[in-house]
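Peer 1: Whatever this is, show me its structure:
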Amino acid sequence: MSNSRKTDRKTSATDRMRAARAQAERSDRVRRRVVVGGASAAVLALAAGVAFAVGGSSGSGSVAAANGPLVVPANASGTDGTVITYGKADAPHTLEVYEDFRCPFCEQLETTTGKAIQQLADDGSYKVEYHLATFLDNNLGGKGSRTALAAAGAALNEGVDKFKAFHDVLYANQPDERSDAFGDVNHILDLAGQVPGLKTDAFVKAVQDGTYAPWAAKVNEEFNKSDVTGTPTVKLDGRKLDVLTNGKAVSPEQFTAMVKQVTG
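Peer 2: Reported below is the predicted structural model:
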């Protein structure tokens, strides 16, 4: 083989390598733009101490709704069955709690102040209305919020107390918000095992089949129709309570004082 032909082949191979490297670099830049563009608003919001609903409802939630019939869990409340009410129905006041199961500041509120929130409901000071969202799946990627909410629907079908206990277990075991661990049905079922009596055959089947996934999408749609743009948001008789200060949840004592200030 002549030296000129060898040189041509080497030049051609070098050119192909350069072209492939350039294409890879372009693809990597595109991936970075997509990730940063889609998540930057969410990351900034998280840094500020609240998870904000960016860009409306999760499109994947709409897909879930199209995959099966809408089944509303027993014990759901509200005119359209998208609210979960904990406490005495005739309580004189109503505490509205807006959360996303992947929201780290919701986790901080629940693990810091959650027992006080529940105690005041158990005492009859107010009833709690949970309004849940799945927007962090859209902002951060994955399906953990939707999967957890659908499983919470299955727990609600077993009883309001079962829902509340499962709700608390989820927050006590919340993964890093960048992780999609709640998207693993088997992991969700393992956590459900911490709630005595929850893992009935009907519950397990509903979680595995995604029976309440369309309901979870509907719950998220109703959240998006509200005037709430971030989680956690807590309102007592329509008045917003400042339950976070610089990303830190108020103490149980501070929360109780806020409630007394509103209720007298």
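Peer 1: Would you map the strands across the chain?
Peer 2: 51-52, 84-86, 94-100, 127-133, 230-231, 233-236, 239-241, 244-245, 248-249 (DSSP state E).
Peer 1: The fifth one packs against which elements?
Peer 2: When you say that, I think you mean strand 230-231. strand 51-52, strand 94-100 (3 or more Cβ pairs under 8 Å, 6 or more residues apart in numbering; DSSP states H and E). Using the backbone N, CA and C atoms, a C-beta is placed for each residue, glycine as well.
Peer 1: how about the ones you listed in a markdown table, adding distance to F166, mean neighbour count and mean pLDDT?
Peer 2: A markdown table is the format used below for these (distance: least, Cβ to Cβ, whole Å; neighbours: other Cβ atoms under 10 Å; pLDDT from 0 to 100):
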| stretch | distance to F166 | mean neighbour count | mean pLDDT |
| --- | --- | --- | --- |
| strand 51-52 | 21 | 22 | 74 |
| strand 94-100 | 13 | 23 | 98 |
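Peer 1: Nearest approach to N139 belongs to which of the strands of the chain?
Peer 2: strand 51-52 (7.9 Å; Cβ to Cβ).
Peer 1: Could you export the helices and strands packed on strand 230-231 as TSV, including distance to L70?
Peer 2: Formatted as TSV, the helices and strands packed on strand 230-231 follow (distance: least, Cβ to Cβ, whole Å):
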stretch	distance to L70
strand 51-52	26
strand 94-100	21
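Peer 1: what about the ones you listed, which gets the closest to G114?
Peer 2: strand 94-100 (9.8 Å).
Peer 1: quick one on the thing from earlier: for the helices and strands packed on strand 230-231, which one sits closest to D122?
Peer 2: Closest among the helices and strands packed on strand 230-231, once you apply Cβ to Cβ, is strand 94-100, at 12.3 Å.
Peer 1: Could you check how many residues crowd around F182?
Peer 2: Per other Cβ atoms under 10 Å, the neighbour tally for F182 reads 26.
Peer 1: where's it relative to R146, distance?
Peer 2: According to Cβ to Cβ, to the nearest Å, F182 stands 9 Å off from R146.
Peer 1: With P175 instead?
Peer 2: With Cβ to Cβ as the criterion, P175 and R146 are 15 Å apart.
Peer 1: Look at the two and report which has more neighbours.
Peer 2: Comparing P175 with R146 by neighbour count (other Cβ under 10 Å), the higher total belongs to R146, at 29 against 16.
Peer 1: thinking again about what came up before, in CSV: the strands of the chain, plus distance to V160.
Peer 2: Below are these laid out as CSV (distance: least, Cβ to Cβ, whole Å):
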stretch, distance to V160
strand 51-52, 25
strand 84-86, 6
strand 94-100, 14
strand 127-133, 10
strand 230-231, 21
strand 233-236, 19
strand 239-241, 23
strand 244-245, 26
strand 248-249, 24
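Peer 1: For D168, find the nearest of these.
Peer 2: strand 84-86 (10.9 Å).
Peer 1: ok now that closest one, how far from the chain's centre?
Peer 2: Its chain's average C-alpha position is 17 Å from that of strand 84-86, according to Cα atoms, centre = their mean, to the nearest Å.
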